[in-house]
Every structure is written in C-alpha cells, then in structure tokens.
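**Q** Below is the sequence, then the predicted model.
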Amino acid sequence: MKFVLLFGPQAVGKMTIGQELEKVTELKLFHNHMTIEFLQPYFGFGPEMWRLSTLFRTEIFKAVAESEEAGLIFTYVWAFDQQEDWDFVEKICEIFESKGSSIYLVELEADIDERLERNKNPHRLEHKPTKRNIEWSEKELKETMKKHRLNSNEGEIKKENYIKINNTNLSAMEVAKIISERFNL
C-alpha cells in the first residue's frame, strides 16, 4: 500500500493535483475538505468541527491501512509552526507505516498571486462550498499566511520519499505526472 500526503497552503492546488494523480494511479483521493464540508454546516469552524474532523480522518486512515486498497492520497494544510500539525502528520504516517505501507510526502508551493486566482476557480468552488464566499476565503488565505508558516524550510522534512514542487506555472496534470514518475506510482 502507498500513502501520498499532498500538502501546502490554501489554494495551491492540492485537491486538483490529487484528482489528477488519482486518474494516473490506483490510489484513491481523500481531500481534506471532504470532512470539513460535511461537518462545517453543523459546527461552523469551531473546535468541535476540528475534533470530529480529526477523529473521522484518523478512523478512515486506519480502515484504509487495513484494507486491500492500493493506497490513499490525502491533502493537508500543514502549519509548520504548530507542533500539533507535526504530531498529526507523524500519527497518520505511522498508521500506514505500521501496516507496511510506503509513505510519500509531496509539498506544493505557488506564488501568492497565483493562489489568489486559484481560490476563485469554479472547480475549487464546486468541491468546496465553504470557499464560495470569495471575500471571506481570500481574507482567510491571507491571514493564515501571515499567522503560520505553510511551507517547510530547506532540509526540514527528513522523510526519504519527499519532493517539493513549485507549481505556480505547472498544470495539475503536469504535477501529477512528476509525482507519479518520481515515486513510481
């Protein structure tokens, strides 16, 4: 089994690249908004929504790791200045590693102007209803960028199967091909 963690800041293209990667591999995509969009109407963006989201995600990871599936692609916004995010990534990787899975970390980065354009993309808005209020979404994107470090520093990630891709000028399909070829997925 293979576990691909696609991470980077908001609107960098994680879900769209994950969808393209799903097309060229046998892996299934579980993007982070799948739990957010389910829970947010009931709990807003408060602590209970995040607690349940983490619980659901963890249980899904465990079930997939125990299954006969080829593997999973998961998207995540990793705040590198937050220990709880480091702990979460370590926990989910351990779930898969404990079952003998290979782990692949793919970090995405893109220029802020490109991310602000992608934030308004109809495909993104179709799959992420909570992002449809563009004014709010853009404000949140900018505030999160100021409050947290959403890309790693050079040499910070020590995992063997790791790649960092600046996809400012690359299509989702091009990035999926890079990932697939690099890790022989």
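**A** In hand now; what should we look at? Numbering: from 1, shown residues only.
**Q** what's in contact with stretch 170-181?
**A** With Cβ atoms under 8 Å, 6 or more residues apart in numbering as the test, stretch 170-181 has contacts from 4, 13, 16-17, 19-21, 23-25, 104, 106, 108, 163, 165, 167, 185. Every residue, glycine included, has its C-beta placed from N, CA and C.
**Q** Ignore what I typed, I meant stretch 143-162.
**A** Residues contacting stretch 143-162 (Cβ under 8 Å, 6+ apart): 8-10, 77-82, 93, 102-107, 109, 112, 164, 183.
**Q** quick one: buried residues of it?
**A** By neighbour count with 16 or more other Cβ atoms under 10 Å, stretch 143-162 contains the buried residues 150-152, 157, 162.
**Q** Now, those that are in helices?
**A** Among these, no member is found in helices (DSSP state H).
**Q** Identify, from those residues, the entry nearest to residue 55.
**A** Of all the buried residues of stretch 143-162, residue 55 sits closest to residue 150, with 23.7 Å by Cβ to Cβ.
**Q** Tell me the predicted confidence for the closest one.
**A** According to the prediction, residue 150 has pLDDT 97.
**Q** Note down every partner strand of the lengthiest strand in the chain and its orientation.
**A** Identified as the longest strand of the chain according to DSSP state E is strand 102-109. When pairs are called by DSSP bridges, strand 102-109 turns out to pair with strand 2-7 (parallel), strand 162-166 (parallel).
**Q** Any buried residues in whatever helix or strand residue 88 lives in, and which?
**A** According to DSSP states H and E, residue 88 maps onto helix 83-97. By neighbour count with 16+ other Cβ under 10 Å, helix 83-97 contains the buried residues 85, 88-89, 92-93, 95-96.
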